[in-house]
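*Asks:* From the sequence below, what's the structure:
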Amino acid sequence: MNKNLFRASAVAAAAVAFSGIISVSQSASAAQTCSSATANGWVNSMPGVIPEAQLHAPTCVEALPDNKVRGKVTVNWAFINDGQSDMTSKRYTSFKVTTRLESRVPGGTDAAVTTKTCDLTANINSVTEGKFTCLTPSATLDPNKQWSGDATVVFDIEGDNKGPVTWQLTGSPLMS
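*Replies:* Prediction:
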């Protein structure tokens, strides 16, 4: 099979699989709002024979018991093996996500309330498919504010000599 056709098929299959994961996670908790399944997708071309990385990272804001709220991002990844790929080499020298819980007064601008940086480098280099959720510390829910979850990913692909790349994710819809 043509390698480009195979990769296109693999990308489509990964997108369908990630959409299923995301829709299940959204319906599992009625107290959260999340960015769409297609809002935060990325494909990393890797040097040499390392397979492409298919990445999806929905951002959410989640209401918790006891009048609390937190930000959340779940990074989903898959490296598609076309039968000729090197599935054992190091893929990233660094892969970190910073999750933010943001609030705003209606009509105002977002302000970060809590943040957390999670280092996924070991996780994403050790398995060919997986997911990792990075949660902010919780804050007290102020009903006079609107809340959202947002995140930034900074990654450095091993051997591409381009240095760190910043991926600003699309934030979650506002929760009142």
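
*Asks:* Sketch out the strands for the protein, chain order is fine.
*Replies:* In chain order, the chain shows strands spanning 32-34, 41-44, 53-56, 59-64, 68-79, 92-104, 111-119, 129-135, 139-140, 146-157, 165-168, with DSSP state E as the criterion.

*Asks:* The last one pairs with which strands, parallel or anti?
*Replies:* Taking DSSP bridges as the criterion, strand 165-168 sits next to strand 146-157 (antiparallel) in its sheet.

*Asks:* And the shortest one, by the same measure?
*Replies:* Paired neighbours of strand 139-140 in the sheet (DSSP bridges): strand 68-79 (antiparallel).

*Asks:* next one: the strand it pairs with to chain centre, how far?
*Replies:* Chain-centre distance of strand 68-79: 5 Å, with CA atoms, centre = their mean, to the nearest Å.

*Asks:* So for that strand, mean pLDDT?
*Replies:* Averaging pLDDT along strand 68-79 yields 95.

*Asks:* same check, this time on stretch 107-120
*Replies:* 96.

*Asks:* give the contact list for Arg100.
*Replies:* The neighbours of Arg100, taking CB atoms under 8 Å, 6 or more residues apart in numbering as the test, are Gly71, Ala112, Val113, Thr114, Thr115, Thr136, Gly149, Asp150, Ala151, Thr152. All C-beta spots, glycine's among them, are computed from the backbone N, C-alpha and C.

*Asks:* could you redo the last one with a cut-off of 7 Å?
*Replies:* Gly71, Ala112, Thr115, Thr136, Asp150, Ala151 (CB atoms under 7 Å, 6 or more residues apart in numbering).

*Asks:* Tell me how far it lies from Lys72.
*Replies:* Separation of Arg100 from Lys72 (CB to CB, to the nearest Å): 10 Å.
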